[in-house]
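# Build me a structure from this.
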Amino acid sequence: MVGFHPAIHTFVSYFPWIATHFTPATETGSMTASYVIIGDGIAGSSAAETLREEAPDAEITVITEEGEALYNRILIKEYAKGKLPEAPISIHDTDWYADREIDLELDTVVTNIDPDGHAVTTYEGETIEYDKLLVATGGTPTQLPVDNSDADGIHHFWTFQDARNIREHIEGADSATIVGAGLLGIDLAAICGAQEVEANYLMRGDCWWRYALTEEGAEIMHDAMRERGVTPVFQSGVDHFETDDEGHVTQRSTPTASGSTPTLSASPSASTSTPRSCRTSTSNRTTASSSTSTCEPVSTMSSPPAT
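This next block holds a predicted model:
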């Protein structure tokens, strides 16, 4: 499958706007312009680089909630498959920012933006002032809207750290369940196939990526999944997850599938946020059944959802 990551589409779409509205402010007297960029994806880091080139004396701060600098998000699935080491996935290291005198704030979450006061506040209570602000956070995955979807053992698939968690847990799993028929869901299916973990792929509709593919095109994808040990289960989904006394996911309830297995869930939201949720268990497997509501032991991993 060939295509660009949503973050790249977003960057390309908004770059003309960024170029027009986020150009360096004119410095007057001894005053130096200050810029804050929230988000260290391709859009945020490119904006910071361009600003430094255009405004050598400006104060530039890049804030990201992730624990590492810019990396190739498209390749994280290859890492989760066990096909790549970590090194090739990195695009910039912290020295790249230091060399350009860009202040990179890792593991930092912005909790408030005061546009009138030209300041942002972080979760630690720090206030960072700015002359101009760029919010370049992209889409944000959300949990599945079912009980216990945030239980221990449920892994999202959106960041490099998510990929590390998935790789660590899926390597010890015998089976998995994927929920959601989107592009990240198919990535999870590919990961299961590469790791030789049998999986059931739960989809709300009657085919994978039903709004984009013809019936014949979707069936080609279904056959490819089956060849890799991933079984499509149509008109299905998760009702809720059950946990043990320690809060670890142990079962998932689904209207059309039962069995014990690791679960990878992926369903896209209609807004700019992209839901993600997915889990992996250590053994057993899920099989399709006609029961109206069944439970199965699971451990999970997840990704932004798609219908």
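# count of residues packed around Met225?
Close neighbours of Met225, defined as other CB atoms under 10 Å, add up to 21. Backbone N, C-alpha and C define where each C-beta goes, glycine included.
# oh sorry, the question was meant for Glu124
9.
# where does the residue nearest to it when sequence neighbours are not counted fall, phi/psi-wise?
Nearest in space to Glu124, with sequence neighbours left out and distances taken as CB to CB, 6 or more residues apart in numbering, is Thr108 at 7.6 Å. With angles defined as degrees, to the nearest 10, Thr108 sits at phi -130, psi 130.
# Same question for the one 3 residues further on.
Thr111 adopts backbone torsions of phi -100, psi -20, taken as degrees, to the nearest 10.
# what about the spatially closest residue to it that is not a sequence neighbour, distance to Ala173?
Here the nearest residue to Thr111 in space, its sequence neighbours aside, is Tyr123; by CB to CB, 6+ apart that works out to 5.1 Å. Using CB to CB, to the nearest Å, Tyr123 is found at 33 Å from Ala173.
# More neighbours: these two, which one.
Counted by other CB under 10 Å, Tyr123 and Ala173 do not tie: Ala173 has more neighbours, with 25 against 12.
# measure that one to Arg210 for me?
Per CB to CB, Ala173 is found 28 Å from Arg210.
# now swap in Ala151 and tell me
For Ala151, the distance to Arg210 - CB to CB - is 29 Å.
# between those two, which one's more packed in?
Higher neighbour count among Ala151 and Arg210: Ala151, with 21 against 17, using other CB under 10 Å.
# Might you report the residue contacts of that one?
Taking CB atoms under 8 Å, 6 or more residues apart in numbering as the contact definition, Ala151 lies against 241, 243, 247-249, 300.
# Pipe those residues into JSON lines and attach distance to Glu216, pLDDT and neighbour count per row.
Listed next are the contacts of Ala151 as JSON lines, based on distance: CB to CB, whole Å; pLDDT from 0 to 100; neighbours: other CB atoms under 10 Å:
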{"residue": "Phe241", "distance to Glu216": "35", "pLDDT": "84", "neighbour count": "26"}
{"residue": "Thr243", "distance to Glu216": "41", "pLDDT": "87", "neighbour count": "16"}
{"residue": "Gly247", "distance to Glu216": "45", "pLDDT": "85", "neighbour count": "11"}
{"residue": "His248", "distance to Glu216": "42", "pLDDT": "80", "neighbour count": "13"}
{"residue": "Val249", "distance to Glu216": "37", "pLDDT": "76", "neighbour count": "25"}
{"residue": "Thr300", "distance to Glu216": "32", "pLDDT": "43", "neighbour count": "33"}
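# out of those residues, who's nearest Gly117?
The closest of these to Gly117 turns out to be Gly247 (CB to CB; 40.0 Å).
# The closest one contacts Asp152, doesn't it?
Yes - because the distance of 5.1 Å satisfies CB atoms under 8 Å, Gly247 is recorded as touching Asp152.
# what pairs with Ala119 across the strands?
Asp114, Glu129 (DSSP bridges).
# I'd like to know how many residues surround it.
Neighbours of Ala119 using other CB under 10 Å come to 15.
# One more: Thr50?
By the criterion of other CB under 10 Å, Thr50 has 16 neighbours.
# So which elements touch the helix or strand hosting it?
Using DSSP states H and E, Thr50 falls within helix 42-54. Contact partners of helix 42-54 among helices and strands, from 3 or more CB pairs under 8 Å, 6 or more residues apart in numbering; DSSP states H and E: helix 6-21, strand 34-38, strand 59-63.
# between these, which has the poorest average model confidence?
Note on the helices and strands packed on helix 42-54: lowest mean pLDDT is at helix 6-21, with a mean of 46.
# Could I get the average pLDDT for stretch 81-92?
On average, the pLDDT along stretch 81-92 is 90.
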